[in-house]
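>>> Model the following, please.
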Amino acid sequence: MNNRTWAVLLAALALAGCDYLPFGYTPVGDIVAAPANFEGKEVKLRGMVRDVTKLPVLNVKMYTLGDGTAEIMVATEGNLPAVNDRIALKGIVKSALILGGQSLGLRVEETKRLP
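Below is the predicted model of the structure:
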């Protein structure tokens, strides 16, 4: 391969891991259908905020994210988005308990809000 081919190949590989590309998002429905497959793994999600919950006494901030396939709760330490905001994020899938492949307390803990 010539130098130009190598440069294009390296650029493509570098962009493949970029958070800002419009692909690589996990459908929420996939997580809800098989939570054990995603437990503890980082995922990229995007969708519309359906509901927000803030419990200042417990320092809990959560919102429901829907992408047309399903909805999931997202815990955040950042600012809560507004209902009907379209957002993208990276986060870790967590469950309080997985029993028989079913998750109790399924949520995503937001690690980064994407533009």
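>>> gap between the closest residue to Asp85 other than its chain neighbours and Gly68?
Once flanking residues are discounted, Asp85 sits nearest to Val49: 4.7 Å by Cβ to Cβ, 6 or more residues apart in numbering. Using the backbone N, CA and C atoms, a C-beta is placed for each residue, glycine as well. According to Cβ to Cβ, to the nearest Å, Val49 stands 14 Å off from Gly68.
>>> if you count what's nearby, which of these two comes out ahead?
Val49 (18 against 10; other Cβ atoms under 10 Å).
>>> what about the one residue sitting closest to the centre of the chain, which helix or strand?
Closest to where the C-alpha atoms of the chain average out (Cα atoms, centre = their mean) is Leu45, at 3.5 Å. Here Leu45 sits within strand 42-55, counting by DSSP states H and E.
>>> how far off strand 42-55 does the next helix or strand after that strand point, in degrees?
For strand 42-55, the following helix or strand on the C-terminal side (DSSP H and E) is strand 60-66. Computed with axes from the mean of the first three to the mean of the last three Cα atoms, to 10 degrees, the direction of strand 60-66 lies at 120 degrees from that of strand 42-55.
>>> what helices or strands is strand 60-66 leaning on?
Counting contacts by 3 or more Cβ pairs under 8 Å, 6 or more residues apart in numbering; DSSP states H and E, strand 60-66 is packed against strand 42-55, strand 71-75.
>>> in it, what's buried?
Lys61, Met62, Tyr63, Thr64, Leu65 (16 or more other Cβ atoms under 10 Å).
>>> same question, stretch 106-115
Buried residues in stretch 106-115 (16+ other Cβ under 10 Å): Leu106, Arg107, Val108, Glu110.
>>> what do you get for stretch 85-94?
Ile87, Ala88, Leu89, Lys90, Gly91, Ile92, Val93, Lys94.
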